[in-house]
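Student: Give me a model of this one.
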Amino acid sequence: MKRLFISGLLALAFFSTEARRIPQTEAAQLAAKFLQAGPQKRMVRALLPTPKHLMAKGQSAEQAPFYVYNAEGGKGFVIISGDDAVGTVLAYANTGQFSFADAPENLLFWMKVYAQRIAAIEEDEPGAPIATAAPQAVVGPLLGETKWGQDTPYNNNCPTWVDNGKTRHYYVGCVATACTQIMRFHKYPQHGAGSHSYKMDGLTLSANFADATYDWDKMLPNYAGEYTDEQAQAVASIASDFGISVNMHYTKTSSGAYSQAVPYALRTYFGYDNAVEMKPRDYYPTKEWISMIKQELDAGRPVYYAASAEDGRGGHAFVCDGYDDQDYVHINWGWHGTSDGFFMVNHLNPSALGIGASSTGFNVNQEIIVNVKPAGGSAQPVPYAIYSPSRLGLMSYEEDMTMMAYIENYEMMPVDLKVAPVLVQGDKIVKRFKEEPVHIEACKAGRTGYTSLRIRNIPKAVAGVADGDYTIHFAYFADGMSDWKILRHPLSLPAYGDVSVSNGRIVDAKIHALHSDVKLLTPIHFDGPLYANGIAKASFTLQNRSKDFPIKAIAFHFTSVDDPSITDTVFVRAGVYEESTKEMELLMDLGDKMKPGKYTLALYDATKTPLPFDDAEVGRAMVEILPEADAPVLRQTSPTYWLKSTPTASGPVKQGTPLYFAFYARNYCATGDVGIVTYLKGGPKNQEYVFLQVDKNIERGEQVSNGFYKAAGLEPGTYTIGAKYITSRGLEDLPTPFDSTKIVISENDELALTCEVLDFPTEITSGTRYEGMVTLKALKDYNGKAYVRLRQFTDSNGEIVYMGNLKLKAGESKEIKFKYKPGQELLPNNYLVKVDEKAAGAKTETPVGGYDNYYRIVKYTNTTAIEAPVAASSVPVSVYQAGNRLHFKVPSDVRVQEVSLYSLSGALCVRTATVEAGIAAPRPSGVYILRIRTDHGTSVRKMFVE
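Tutor: Below you'll find the model as predicted:
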C-alpha cells in the first residue's frame, strides 16, 4: 500500500441532531458565558466575520454556520456553532488568536464542510445538549507552546531550487514537522545513530546522524519573534535530518513522505523505543481505534496521525496531543500554531459518524503511530506490523480444510514468521493447527512487502475441543513475541470462518459472511439534469449500521421504468466506516451504454454479493436520462471567490483598479469549446454589466478553474457576480448551487477623468462611416491621451475608435467629436465600449469614471463578408455537413489556423483551432457566418446549417 502524506488535516465531523439555528446575538452570549466559565475569566474582544466562501447556500453573516470570537489579550478563541444540532461550542483554545487570513488550508477545508453540514441538517432531528461550561482538559495539550511550521527557519537546511535567479529552500514536509514536534516534546535524542543517503530527482541527499548534535534547549517553542542564527540552525538541523531519514520527496509546492518509514527512522536513526509502531485504520473497529488513541494520550505520548484522501490526491499528517472531558481532541496542525485548539471530531462519538467519515474525503487509509518514546532499558523486540490485505479463503472438504490469504509487512525490514490456523472462542485461542514458516520482504518506497499463504490438510478432527461454535483464523508468531497473535484483515473483508464442533470433530465450516446494513437517510439528489454518456453528481446521506462491514464502493443500479429488463450499474469508490453516518457527494460516469429514458435508482454496496441499501423511508429514486448532448454542459462547482487583485488580498475595490474573482466549473457532457461570460449586476442603476469572457476547450468530465481579472471601471456600489456560457447551442445561464457573491466598488479619489456623455450607436455594419462624440471632464489637472475602443467580451480583439491628446484643468470639460468606420479585420461579434486614459508618463491605461455614461454593447455585422467570400479564390476551402458536425477540406499545402462561427446577429457561437475532426454544428438550424483563417488567407462565407 502506497500513500504519500503532504500536509495536515484531521477529518472532522458532527453530531447528527436537531437543526435550531443560533443567531449572532445568541452566539455572542454563549461565547461570553463560555469564556467567563474558565479560570481565566476572559472577555470577548471581537467577532470575526465569516468569509463568504466558507458559507453554504442560504447562510449569511447574521445567520452564519459558525461564529468565531477571539478573547481579549490573545487569551484564546471560541467557535460557536450556527446550529445547536451539533452542540454549541465547536472548538476553542485558551491561548492565541484565530485568524481566517492565516488559518491553514486543512482547517479552512473543514470549516467549509461544517458549513455545508449545517445547511443540510433536517428540521426534525433531535437536539444536542448545549455546552455552557468550559471543558476541562483530561490530557494535554502535550506539545504545550511548540508551534512549528514548514518554512523559514525550519527549512533552512532543506535542499534548494532556483526561482527566477533566487535560491529557495523546499518546504520541510508535514511528516517531518509532525515527527520533530513530537521529538521536541521528548527532547530526544542528543545524538543520532548511523547515516542514510538516497537519490531524489538527480540529487543525492545524505545525513550523518551519528555526527549530529540536536540541541533541544536551543530549539524555541516557536519562531514567530526574534531568534539567533544558532537557534535557527538547531531547528533546521533536526527538520532536515528527519526528512532525509524518511526519504522525503521535496517539490516546489510541497514535500511528502510515507508514514511507513517513520517507525523505522525513529528506532534506527534517533534511538526511540523498539515498540514504536504504525497502525492502519482499515484493520481496527471504531471503538478499538478510539481506545488506542486515548490510551496513548493517557500515557503522555503525542500521537502521529495521517490520513489520505478518497480521491487519491495525497494526504496529510499532524499531531493529536490531548483531549478534554467533553471529548474534544487537541490538534497541532503544524503551521506555526495557527488555529491549534480542541476540536469536535466524529471518532469520539461512535454513535454518530465514524472516524474519518467526513465530506472532506479523509475517510480511508488513515494511520497512527503509537509508542513514540525514547528507548527504555530493556531490549524489547520490534513489533511485527503484519496484516492481511485480502479476504480469508476457506475451503471445507470431508476430512480436512484449506485456508488462504495474502500477508503484508508494514515494517522497513524483512520478517520471518510462523503462521498457523487457530480455533478461537471469544478472545481465546483454544486450538492451534499445523504451523508453516513464512518470509515477508520489507516495505519499500511506501509499498508493503507481501506474500501469499495457503495451508492445506487442516484436519477436522479436534480431539479435546468442547462442542460448540467457534471461529477459525490465521495467527502468527515470531521471535520475541510472548504469544500467538490473530492476523487482522480489512474490516470490509471476511476475516475468519464460522465452525461448529460436535463430538471432537468440525461438522460445519464456512467463511463468515459479511453483510452490509446501510440505510439511505436522505433522498438522492443530482445537481442537474442527467444526460446519456454524461457525468452526474449525486448527493445523499448514508448510515452504515453494520459492525464489521465498512463500505468501500457504491453501486448505482438503474432500472428502466418502461422495460425493467433494461438495467445498467455504475460503480463509484466511496468510504463509510462501520457504525457511521456520512454525507456523500459522488461523481459518476454514466457511460455510453446508458440509454435515454426514465429509470428507478437503487444503491448497493459494490461487492460480489451486493445487498440493496434500505431506502424505504425516503423512497426509491426516480431519474430521467436525457439524450446525449453534442456540446459541453457546464455547472459551477464552487462558490465565486472574490479577491481584490491578487489571490491573497480580498476587500473593496476602488473604481478603475483591477478586480479579480474565480470559480470552478465542470463540463458534464461532450468535449468542446466554451466561452464563459461573467457579468456584474447592481450599482446605482441596478443594471447588468458584462465583465469578461474566458474561452476554453473543456474535456468531458473535466473541472476547470476560471479566473477573471480586469480593471473595474464600474460606478461605486454593490454588485453581484453572475456567469453564463456560450457553446454551439448558444448562450445559456451557468447553473450554480451557491449564493451569489457580492463585491463592493468604492470611490477612487485618484481618478483623473470622468465621462459625462458618449454618443455612439449600438449596432454597426461594415462599410459604413459613423459620427460619434464623447465628453470628458477632468477631476484634476490632466495631461495625457484619451481612448475610445471596441473590445470583445474577452477584452481582446477589436480596434481603436478614437485616440487623441488631451490637456484639461481640474473641473474643465471637453466635447470630442470623431468619425469611425469599422476596419476590415474587425470580426462579426458583440463588443464592449471602453473609454480609457493614459496620463503622461504612465505605463498603462486606466478606465475613466462615469461608467454608466459609456457602458454599452455594440453589435457588429460584416455584411460584405456575408454576401461574398473574402479572398476565396486564394483560399480554396470547401465545407460540408455530415450529421451534426461541419467538416473542412483544404489542399495539402494549406493549413487551417482558426475557424469561427457566428450567428447573423454577430454573436460568436464557436471558435477553435482544432478542426481535424470537424466542429459541432450550431443549434438551432439556420444561416450562419463562417470565418476560416488559413496560412494562405481568410475566407468568410454564409452557409445554411441543418
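
Student: give me every residue that touches the closest residue to Thr914 other than its chain neighbours.
Tutor: By the measure of CB to CB, 6 or more residues apart in numbering, the closest residue to Thr914 outside its immediate chain neighbours is Asn697, 7.3 Å from it. The way it works is simple: take the backbone N, C-alpha and C, and place the C-beta from them, glycine included. With contact set as CB atoms under 8 Å, 6 or more residues apart in numbering, Asn697 has these partners: Thr671, Gly672, Asp673, Val674, Thr912, Thr914.

Student: just Glu277 next, same as before
Tutor: Glu277 neighbours (CB under 8 Å, 6+ apart): Pro263, Ile369, Val370, Asn371, Pro383, Ala385.

Student: Am I right that Phe185 sits in a helix?
Tutor: Yes - according to DSSP: H, G, I helix; E, B strand; the rest coil, the state of Phe185 is that of a helix.

Student: now, which of the contacts of Glu277 lie within strands?
Tutor: Ile369, Val370 (DSSP state E).

Student: Check pLDDT for the contacts of Glu277 and point me to the minimum.
Tutor: Lowest pLDDT among these: Pro383, with 88.

Student: Identify the spatial nearest neighbour of that residue, chain neighbours not counted.
Tutor: Glu277 (4.4 Å).

Student: Enumerate the beta-bridge partners assigned to that neighbour.
Tutor: Val370 (DSSP bridges).

Student: quick one: it from Ser245, how far?
Tutor: Distance of Glu277 to Ser245, computed by CB to CB, to the nearest Å: 17 Å.

Student: again with Tyr660
Tutor: Distance from Tyr660 to Ser245, by CB to CB: 42 Å.

Student: between those two, who's got more neighbours?
Tutor: Neighbour count, other CB atoms under 10 Å: between Tyr660 and Ser245, Ser245 has more, with 26 against 19.

Student: doesn't Ser206 make contact with that one?
Tutor: No - with contacts counted by CB atoms under 8 Å, Ser245 stays clear of Ser206, the gap being 10.9 Å.

Student: can I get the CA coordinates of the strand or helix carrying Ile182 in CSV?
Tutor: Following DSSP states H and E, one finds Ile182 within helix 174-186. Provided in CSV are the C-alpha atoms of helix 174-186 (Å, rounded to 0.1, in the frame of the first residue of the first chain):
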residue,chain,number,x,y,z
CYS,A,174,4.2,17.7,7.1
VAL,A,175,5.6,14.2,8.1
ALA,A,176,8.8,15.7,9.3
THR,A,177,7.1,18.6,11.0
ALA,A,178,4.7,16.3,12.9
CYS,A,179,7.5,14.0,14.0
THR,A,180,10.0,16.6,15.0
GLN,A,181,7.4,18.4,17.2
ILE,A,182,6.9,15.1,19.0
MET,A,183,10.6,14.6,19.3
ARG,A,184,10.9,18.1,20.8
PHE,A,185,8.3,17.1,23.4
HIS,A,186,10.7,14.2,24.4
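
Student: Verify the stated contact: Gly918 with Ala882.
Tutor: Yes - because the distance of 7.4 Å satisfies CB under 8 Å, Gly918 is recorded as touching Ala882.

Student: any idea how far Asp163 is from the residue of the chain most remote from its centre?
Tutor: In the chain, the residue that sits farthest from the middle, by CA atoms, centre = their mean, is Asn503; the gap is 59.0 Å. Using CB to CB, Asn503 is found at 78 Å from Asp163.

Student: now swap in Ala91 and tell me
Tutor: 36 Å.

Student: the more surrounded of those two?
Tutor: The residue with more neighbours, out of Ala91 and Asp163, is Ala91; 26 against 9, by other CB under 10 Å.

Student: before we move on, back to that, more neighbours: which of Gly918 and Ala882?
Tutor: Gly918 (19 against 9).

Student: Next, count neighbours for Ala463.
Tutor: Neighbours around Ala463, by other CB under 10 Å: 9.

Student: what about it, helix or strand, and which?
Tutor: Here Ala463 is assigned to no helix or strand, by DSSP H and E.

Student: wait, doesn't it sit right on Gly504?
Tutor: Yes - look at Ala463 against Gly504 with CB under 8 Å: they come within range, at 4.9 Å.

Student: Which residues are in contact with each of the two?
Tutor: With CB under 8 Å, 6+ apart as the test, Ala463 and Gly504 reach no residue in common.

Student: What sits closest to Leu491 if chain neighbours are left out?
Tutor: According to CB to CB, 6+ apart, the nearest residue to Leu491 is Pro550 (5.0 Å).

Student: Model confidence score at that neighbour, please.
Tutor: 81.

Student: From His489, how far out is it?
Tutor: Taking CB to CB, one finds Pro550 at 12 Å from His489.

Student: who touches Ala711 in this structure?
Tutor: Counted by CB under 8 Å, 6+ apart, Ala711 has contacts Gly656, Thr657, Pro658, Leu659, Thr846, Pro847.

Student: Can you name the residues bridging to it?
Tutor: In beta-bridge terms (that is, DSSP bridges), Ala711 pairs with Pro658.

Student: Give me the pLDDT value at Tyr802.
Tutor: 97.

Student: chain center to the helix or strand encompassing it, what's the gap?
Tutor: In the assignment (DSSP H and E), Tyr802 maps to strand 798-808. Its chain's C-alpha centre and that of strand 798-808 lie 47 Å apart, by CA atoms, centre = their mean, to the nearest Å.

Student: in that strand, what counts as buried?
Tutor: Buried residues in strand 798-808, counted by 16 or more other CB atoms under 10 Å: Gly798, Val801, Tyr802, Leu806, Leu808.

Student: Equivalent analysis for stretch 631-646, please.
Tutor: So stretch 631-646, judged by 16+ other CB under 10 Å, has buried residues 631-645.

Student: before we move on, what about stretch 619-626?
Tutor: Neighbour-count burial for stretch 619-626 [16+ other CB under 10 Å]: Ala621, Val623, Ile625.

Student: Let's have those in TSV, adding pLDDT.
Tutor: Compiled in TSV, the buried residues of stretch 619-626 are given as follows (pLDDT from 0 to 100):
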residue	pLDDT
Ala621	96
Val623	97
Ile625	96
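
Student: which ones are touching Asp610?
Tutor: No Asp there; residue 610 is Pro. Contacts of Pro610 (CB under 8 Å, 6+ apart): Ser516, Ala555, Tyr604.

Student: at 10 Å instead, please
Tutor: Pro610 makes contact with Ser516, Ile554, Ala555, His557, Thr569, Ala602, Leu603, Tyr604 under the criterion CB atoms under 10 Å, 6 or more residues apart in numbering.

Student: Which PyMOL command selects the buried ones in those residues?
Tutor: Applying 16+ other CB under 10 Å to these leaves a buried subset, and the PyMOL line that selects it is:
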select buried, resi 516+554+555+557+602+603+604
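
Student: what would the contacts of Pro610 look like in JSON lines with secondary structure and distance to Thr25?
Tutor: Output for these, formatted as JSON lines (DSSP: H, G, I helix; E, B strand; the rest coil; distance: CB to CB, whole Å):
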{"residue": "Ser516", "secondary structure": "coil", "distance to Thr25": "45"}
{"residue": "Ile554", "secondary structure": "strand", "distance to Thr25": "42"}
{"residue": "Ala555", "secondary structure": "strand", "distance to Thr25": "48"}
{"residue": "His557", "secondary structure": "strand", "distance to Thr25": "49"}
{"residue": "Thr569", "secondary structure": "strand", "distance to Thr25": "51"}
{"residue": "Ala602", "secondary structure": "strand", "distance to Thr25": "46"}
{"residue": "Leu603", "secondary structure": "strand", "distance to Thr25": "42"}
{"residue": "Tyr604", "secondary structure": "strand", "distance to Thr25": "47"}
